[in-house]
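A.B. asks: Dropping a prediction and its sequence here:
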Amino acid sequence: MFRQEIANGVVRVVMCNPPVNAISRQWGEQLFSLLEDLQERDDWQVMVIASDQKVFSAGGDIKQYAGRINDENAGKLLAAEAAYFQELFLRIASMPQISIAEIAGVAAGGGLELALACDLRVAAETTKLGLPEVGIGLLPAGGGTQRMAGLVGPGTAMRLIGGGEMIDGHHALRIGLVEWAFPAPDVPGRTREIAARLAAQPPEALRAAKACIAAAKDPHADGYAVELTYPEILMKSAATRARIKDFLAARKPGRSADSLLTD
């Protein structure tokens, strides 16, 4: 259901579950396992989640719930399933590394919830994105209501989720649901460029930036205080000190960087 490639600090996780990368418990277990394995490695700092199908992911297969409709515990079973995927998607969102969803095809339901759990999203201008669950009397309960509202605001989230709207990538860019939108043929190449730029940054600083931005979204965190925990940590990094010296030397011709930043 997945394959991965790691090169130059970027891991590319490709969903390959034809025909539409349907999301299931088996799919989730494989992704959980893949994420656990990746966290044991130190040769990457950016993860791209992509698809080799015509769609990114059409979400969960509603047919798997058909036998539960008349079960008196159907609601509890569905809530347990939603909790499982909340945990899975939180696993992605809370990674210290940066994650990017490469959305070259349709991302609907749980497929869009997966993309929303990533830090960044690159979409094809003409692809379709949406959370249509309300239309069949359900909710995007894998974190979709919360992450959608956090990105586009509660009013627009209500419009999209409540109305079951599917919007194109160009529209998604305008409202802040994705960070980039390109012509479909350009999406893989442009995503690689974006990932490479991020992977070239000092890893400690990149992770610190992600942690501080996460604090900005947490009503229980003091983001300003979180920011102040990192300068001392970062200045202990040999890579950071070397980069600062190089930066200063390049901008102060004839003046030694050591005079400005000593060991």
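C.D. replies: Done, it's in.

A.B. asks: For the rest of this, base every contact and every neighbour count on C-alpha atoms.
C.D. replies: Noted.

A.B. asks: Give me the residue at the spatial middle of this protein.
C.D. replies: residue 118 (0.7 Å; CA atoms, centre = their mean).

A.B. asks: for that one, phi and psi?
C.D. replies: phi -80, psi 160 (degrees, to the nearest 10).

A.B. asks: Quick check: nearest residue in space to it, chain neighbours excluded?
C.D. replies: residue 99 (5.0 Å; CA to CA, 6 or more residues apart in numbering).

A.B. asks: What degree of burial does the one you found show, as a neighbour count?
C.D. replies: Using other CA atoms under 10 Å, residue 99 has 25 other residues around it.

A.B. asks: What of the one 10 residues further on?
C.D. replies: One way to gauge burial is a neighbour count; for residue 109, by other CA under 10 Å, it gives 26.

A.B. asks: per-residue confidence for the closest residue to residue 52 other than its chain neighbours?
C.D. replies: With CA to CA, 6+ apart as the criterion, residue 52 has its nearest non-adjacent residue at 5.7 Å, and that residue is residue 16. Looking at residue 16, its pLDDT reads 96.

A.B. asks: what domains does the record give for this protein?
C.D. replies: The chain breaks down into these domains under automatic domain parsing: 2-199, 203-259.

A.B. asks: name the helices or strands packed onto the host helix or strand of residue 102?
C.D. replies: Using DSSP states H and E, residue 102 sits in strand 98-103. Secondary-structure packing of strand 98-103 (3 or more CA pairs under 8 Å, 6 or more residues apart in numbering; DSSP states H and E): strand 44-51, helix 110-117, strand 120-124, helix 187-199.

A.B. asks: Do a quick rundown of the strands in this structure.
C.D. replies: For the chain, the strands defined by DSSP state E cover 2-7, 9-15, 44-51, 98-103, 107-108, 120-124, 128-130, 166-168, 180-182.

A.B. asks: need the helices for this structure, in chain order.
C.D. replies: Using DSSP state H, the helices of the chain run over 25-39, 74-93, 110-117, 144-152, 154-162, 169-175, 187-199, 203-217, 223-228, 230-235, 238-251.

A.B. asks: Taking helix 144-152 as reference, get the angle to the fifth one.
C.D. replies: Computed with axes from the mean of the first three to the mean of the last three CA atoms, to 10 degrees, the direction of helix 154-162 lies at 140 degrees from that of helix 144-152.

A.B. asks: What is helix 154-162 packed up against?
C.D. replies: helix 144-152.

A.B. asks: ok so, going back, which one, of the helices of the chain, ends up nearest to residue 55?
C.D. replies: helix 110-117 (9.4 Å; CA to CA).
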